[in-house]
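Visitor: with the input below, show me the fold.
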Amino acid sequence: MDDERTAVADSESAEPESGAAPMPECAKPVPELDPDAAAAAAAAAEIARTEAAQVQAARQRKQAIVREVKDYMQSIVLAVFLAMLIMTFIGRSFVVEGASMEPTLHNRERVIVEKISYRFTSPSRGDIIVLKNPWRPDPVGFGAAVEAMKELVDVTGRMRPYIKRVIALAGDTIEINAGVVFLNGKALDEPYIMEPPYYNYGPSVVPEGHVFVMGDNRNNSDDSRGSVGFLKISRIVGRAAVRYWPLARTTAFERPNVY
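Guide: Here you go, the predicted model:
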């Protein structure tokens, strides 16, 4: 009996109980990292992150500069376009060059010339006008636009416009005799001129679509008596409305009541 009990006990101790966890195997040792290699790897990773951040920042700065340049260019183009639009269709500043309009206007004075009124009305006697240089061509269409651009950027003075006063309109008879200007047979009393003209002219009838112009300095002016001839209305740039420089002589021009 003792032998049987011993055998059973041995058998029970040899077999694990049902559901019991197996005995774990011996754990494998984990190799230790070299501290210097770990530090180098961390430094390399940090350098890579820094370089990536610098590249991204440089890309963002470049994009910001490109955007800013584009904004400036767009603003400049828009400003030039608006300036050209205003100068072509509304009005612009002109510098008086020469003495042909003395004593009304003197050399280097500045005037504002408006271009709107003559789109709806015809020039009137006594208007001070700016006209295209008589030596310039008179193109139409695209050629006219090219000529206008040349005038805007002219720095040589060869395309310099003239400034004169309208004396006679289409159908008027103009004559100068003995220093007196006769308009349709009536002598004009002109307090705005420098002195009476020395030379006689006419009588002549102003053709349709034209005006007759003279400078107020009658003896020092190239006008309808010379190279300008009868002036086509289409060659009038605009009407001088205001002298704004020098400030002490600021004036809004009015038609003299002599016609």
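Visitor: any idea how far Val80 is from Val113?
Guide: For Val113, the distance to Val80 equals 20 Å [C-beta to C-beta, to the nearest Å]. C-beta here means a position set from N, CA and C on the backbone, and glycine is covered the same way.
Visitor: out of these two, which sits in the busier spot?
Guide: Val113 (21 against 11; other C-beta atoms under 10 Å).
Visitor: what sits against the residue nearest to that one when sequence neighbours are not counted?
Guide: Closest residue to Val113 apart from its sequence neighbours, by C-beta to C-beta, 6 or more residues apart in numbering: Gly238 at 4.1 Å. Gly238 makes contact with Gly91, Arg92, Val113, Glu114, Lys115, Tyr118, Ile129, Val130, according to C-beta atoms under 8 Å, 6 or more residues apart in numbering.
Visitor: name the nearest of those relative to Asn257.
Guide: Nearest to Asn257, judged by C-beta to C-beta, of the contacts of Gly238 is Ile129 at 18.2 Å.
Visitor: that closest one reaches Val166, doesn't it?
Guide: Yes. Counting by C-beta atoms under 8 Å, Val166 is a contact partner of Ile129 at 6.0 Å.
Visitor: give me the common contacts of those two.
Guide: In contact with both Ile129 and Val166: Pro123, Val213, using C-beta under 8 Å, 6+ apart.
Visitor: any idea how far apart the tips of stretch 184-196 sit?
Guide: One end of stretch 184-196 sits 18 Å from the other (C-alpha to C-alpha, to the nearest Å).
Visitor: one more: stretch 128-136?
Guide: Taking C-alpha to C-alpha, the first and last residues of stretch 128-136 lie 20 Å apart.
Visitor: and it, what's buried?
Guide: If you call a residue buried by 16 or more other C-beta atoms under 10 Å, then stretch 128-136 has these buried ones: Ile128, Ile129, Val130, Leu131, Lys132, Asn133, Pro134.
Visitor: among these, which ones are in strands?
Guide: Among these, the members falling in strands (DSSP state E) are Ile128, Ile129, Val130, Leu131.
Visitor: please name the nearest non-neighbouring residue to Leu188.
Guide: Val181 (4.7 Å).
Visitor: nearest to Asp172 among the buried residues of stretch 128-136?
Guide: Of the buried residues of stretch 128-136, the one sitting nearest to Asp172 (C-beta to C-beta) turns out to be Ile129, at 15.9 Å.
Visitor: do a quick rundown of the helices in the stretch 51-200 of the chain.
Guide: 142-153 (DSSP state H, counting those that start in this stretch).
Visitor: what ranges in it fall below the confidence cut-off?
Guide: Counting by pLDDT under 70, the stretch 51-200 of the chain shows low-confidence ranges at 87-88, 139-145, 147-159.
Visitor: so the residue nearest to Lys115 when sequence neighbours are not counted versus Pro196, what's the distance?
Guide: Nearest residue to Lys115 in three dimensions, chain neighbours excluded: Gly238, at 4.0 Å (C-beta to C-beta, 6+ apart). Using C-beta to C-beta, Gly238 is found at 29 Å from Pro196.
Visitor: report the central residue of the chain.
Guide: Val80 (1.2 Å; C-alpha atoms, centre = their mean).
Visitor: secondary structure element for Ile47?
Guide: Assigned by DSSP states H and E, Ile47 belongs to helix 35-89.
Visitor: hmm, I was thinking of Ser204
Guide: Going by DSSP H and E, Ser204 is part of strand 201-205.
Visitor: right, I'll leave it there.
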